[in-house]
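Q: only geometry, no sequence info:
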């Protein structure tokens with residue numbers, strides 16, 4: 001069930017990141033994810049197990065209840081997908097500046 005957006009030249013890009021900070025994705029990390037995602041135009045989704053939420057929604061991110069060790073799948077249809085992946089990877093690697 002793949003839907004490619006060949007008309008506008010933007011393909012879906014996906015990558016996985018693991019939550020590594022002690023407290024997981026609570027309000028502050030969720031806000032950091034949303035702040036980064038909101039700078040990009042296009043669709044960005046975050047999935048945990050079978051749950052999929054809009055990465056630009058703080059309530060959606062928090063509803064995932066992503067604890068330490070949780071793997072999150074990011075799927076995006078944006079122009080600068082690699083730049084987004086790098087930015088998101090950096091914030092996850094910094095453990096959301098929690099520790």
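A: Received it, and whenever you're ready, just let me know what you need. This structure is a prediction, so every number in the text was calculated from the model and none was measured.

Q: C-alpha from now on. contacts and neighbour counts both.
A: Will do.

Q: Quick check: which element contains residue 87?
A: helix 81-93 (DSSP states H and E).

Q: what's that helix packed up against?
A: Under the contact definition 3 or more CA pairs under 8 Å, 6 or more residues apart in numbering; DSSP states H and E, helix 81-93 sits against strand 13-18, helix 27-38.

Q: Please read off the pLDDT at residue 14 from the model.
A: On the pLDDT scale, residue 14 is placed at 98.

Q: again with residue 2
A: So residue 2 comes in at 39 (pLDDT).

Q: and the angle for the helix holding residue 87 with helix 27-38?
A: Helix 81-93 and helix 27-38 are oriented at 170 degrees to each other (axes from the mean of the first three to the mean of the last three CA atoms, to 10 degrees).

Q: Give me the distance between helix 81-93 and the centre of its chain.
A: Using CA atoms, centre = their mean, to the nearest Å, the distance from the centre of helix 81-93 to the centre of the chain it belongs to is 9 Å.

Q: Contacts for that helix, please.
A: 13, 15, 17-20, 32-33, 36-37, 40, 97 (CA atoms under 8 Å, 6 or more residues apart in numbering).

Q: burial of residue 39, as a residue count?
A: Neighbours of residue 39 under the rule other CA atoms under 10 Å: 10.

Q: Same check on residue 60?
A: Quick note: residue 60 (other CA under 10 Å) scores 18 neighbours.

Q: hang on, it packs against residue 53?
A: Yes. Taking contacts as CA atoms under 8 Å, residue 60 lies within contact range of residue 53: 5.4 Å.

Q: any idea how far residue 79 lies from residue 17?
A: As judged by CA to CA, to the nearest Å, residue 79 and residue 17 stand 20 Å apart.

Q: repeat for residue 57
A: For residue 57, the distance to residue 17 - CA to CA - is 18 Å.

Q: and what of residue 50?
A: Distance from residue 50 to residue 17, by CA to CA: 16 Å.

Q: now residue 75
A: 11 Å.

Q: Is residue 61 in contact with residue 52, as I believe?
A: No. Using CA under 8 Å, residue 61 is not in contact with residue 52, being 9.2 Å away.

Q: which one of these two has more residues nearby?
A: residue 61 (26 against 18).
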